[in-house]
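Colleague: have a look; sequence and predicted model below, questions after that.
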Amino acid sequence: MKRLICYSVFLLALSAIFSSCRNNTGGVAGASDSTAKKGITKTAWGQSDSKDVFLYTLTNAKGNQVQISNYGGTVTHFIVPDKNGNKNSIVVGYDSLNGYLAHPPYFGALVGRYGNRIGNAQFTLDGKTYKLAANNGKNSLHGGIKGFDKVVWDATTVNDTMPLLTLTYQSKDGEEGFPGNLKVTVQYTFTDNDELKIEYNAVTDKATPINLTNHSYFNLTGDVSNTILNHTLQINADNYTPVDTSLITTGEIKLVKGTPFDFTTPMKIGARIDLVKGGYDHNFVLNSKGGSLQLAATLTDSISGRKLEVFTTEPGLQFYTGNFLDGKLTNHDGKPINQHSALCMETQHFPDSPNKPQFPSCILRPGSTYHTVTVYKVSVEK
Ligand code: GLA
């Protein structure tokens with residue numbers, strides 16, 4: 001009898017440990033402990049290009065966490081509570097480096113040198129034509145074959161008033177066809193208000209297009225088996241940039257009023273998506289016009305009660321409803337990532353800007369510093 005009791009206690013303890021690991025969303029073991037201390041920790045995560053890769057865990061005063069790898073500057077987990085206080089990750093991601101080495105469609109990645117598309121994979125700058133790799137039909141997408149999402153960044157950390165991760169990368173002159181040695185510094189901080197702040201800086205020694213963004217796929221329920229078509233979105237944009245069949249901007253700037261692109265008031269994402277061929281994958285022209293940090297979009301979800309606000313200094317926002325996701329890849333919890341099971345809000349300059357002089361310029365010249373800021377802020381509405 002005594003043995004039986006001991007055995008049951010042992011089993012109970014085991015199942016408690018197991019379920020607490022699961023509730024903790026499957027980040028690095030123990031990393032999402034709600035009693036975790038504020039600050040930043042580093043875990044060895046393997047190697048790529050013979051360089052060491054690490055996973056950094058940024059914990060704020062509430063014990064909420066963001067995990068980021070220096071492989072591709074990838075945000076792997078963004079762990080915050082729902083309206084019932086249950087914590088899980090609101091971004092699609094993996095627990096190990098291997099998943100990322102298999103090149104998923106930019107899950108959580110830091111995208112560059114040029115986020116989004118460049119038409120016909122070429123552009124002319126100061127009279128010279130530059131040819132890029134066509135990695136998306138005839139177009140260049142997200143920096144080319146080996147963009148900033150697939151390189152190992154140098155990392156330094158600071159444990160100050162906020163956990164801070166600084167990533168740097170030196171992109172060589174000619175890399176992926178782009179001109180100029182570009183030195184990029186990206187700072188990730190996670191504030192006590194559950195704001196993931198991303199600050200991008202770069203300098204170059206030759207004029208170059210540049211468009212850096214983060215490609216996190218959000219599902220505010222924290223469960224990719226719930227469609228994002230039931231999320232509600234507001235975008236502070238009266239205009240958008242229409243695209244052709246290969247998703248290259250036509251050069252027009254059109255009013256959203258009276259179209260399925262009108263998110264100027266909060267709207268269910270699924271309400272009019274059938275009217276948009278292929279789903280939403282469009283750049284919205286923010287009313288702020290860029291320059292100062294302003295609210296670009298607000299996403300809410302009634303299941304979790306979570307709200308996500310996106311602030312940016314960028315003039316554009318790519319709203320992408322995960323149209324190409326097809327269930328073949330699985331999230332960190334083993335659930336298939338189906339079409340519309342996550343969405344992206346990529347702050348940016350407009351797609352194909354290098355070939356569209358009427359759009360805000362994306363050209364960085366020697367002597368100037370590229371500097372943009374984007375903040376993803378999460379809160380709960382009870
Ligand atoms: C971006 C593009 C999409 C798609 C995804 C990655 O968001 O706009 O068309 O290519 O990246 O799959």
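Modeller: Structure's in. What do you need?
Colleague: how about T168, secondary structure?
Modeller: strand (DSSP: H, G, I helix; E, B strand; the rest coil).
Colleague: contacting residues around it?
Modeller: 153-156, 183-186 (C-beta atoms under 8 Å, 6 or more residues apart in numbering). All C-beta atoms are positioned from the backbone trio N, CA, C, and that covers glycine.
Colleague: can you tell me how far it is from N214?
Modeller: T168 sits 16 Å away from N214, going by C-beta to C-beta, to the nearest Å.
Colleague: also F261?
Modeller: 22 Å.
Colleague: re earlier: going by distance to the ligand, which of the contacts of T168 wins?
Modeller: V186 (18.5 Å; C-beta to the nearest ligand atom).
Colleague: N136 and R117 touch, don't they?
Modeller: Yes: because the distance of 6.5 Å satisfies C-beta atoms under 8 Å, N136 is recorded as touching R117.
Colleague: neighbours of the residue of the stretch 251-382 of the chain found nearest the ligand, how many?
Modeller: The minimum distance from the stretch 251-382 of the chain to the ligand, using C-beta to the nearest ligand atom, falls at Y320 (3.9 Å). By other C-beta atoms under 10 Å, 23 other residues sit near Y320.
Colleague: let me see the contact set for it.
Modeller: Contacts of Y320 (C-beta under 8 Å, 6+ apart): 280-281, 343-344, 346.
Colleague: ok, and which of those reach the ligand?
Modeller: 281, 344, 346 (C-beta under 6 Å from any ligand atom).
Colleague: out of these, which sit inside strands?
Modeller: 281, 344, 346 (DSSP state E).
Colleague: next one: the last one, what pLDDT does it get?
Modeller: This means E346. The score at E346 is 98. That number is its pLDDT.
Colleague: isn't it up against N116?
Modeller: Yes: look at E346 against N116 with C-beta under 8 Å: they come within range, at 7.2 Å.
Colleague: would you list every one of the strands in the stretch 251-382 of the chain?
Modeller: 254-255, 267-268, 281-285, 294-300, 306-312, 316-320, 343-348, 363-364, 370-380 (DSSP state E, counting those that start in this stretch).
Colleague: okay, and the beta partners of the nearest residue to D49 once chain neighbours are set aside?
Modeller: Nearest non-adjacent residue to D49, counting by C-beta to C-beta, 6 or more residues apart in numbering: V152, 5.7 Å away. Here V152 sits in beta bridges with Y71, as judged by DSSP bridges.
Colleague: now do the same contact list for the closest residue in space to D326 that isn't next to it in sequence.
Modeller: Leaving out its chain neighbours, the residue that sits closest to D326 by C-beta to C-beta, 6+ apart is Q339, at 6.1 Å. Residues counted as contacts of Q339 (C-beta under 8 Å, 6+ apart) are 279, 322-327.
Colleague: thank you kindly, that will do.
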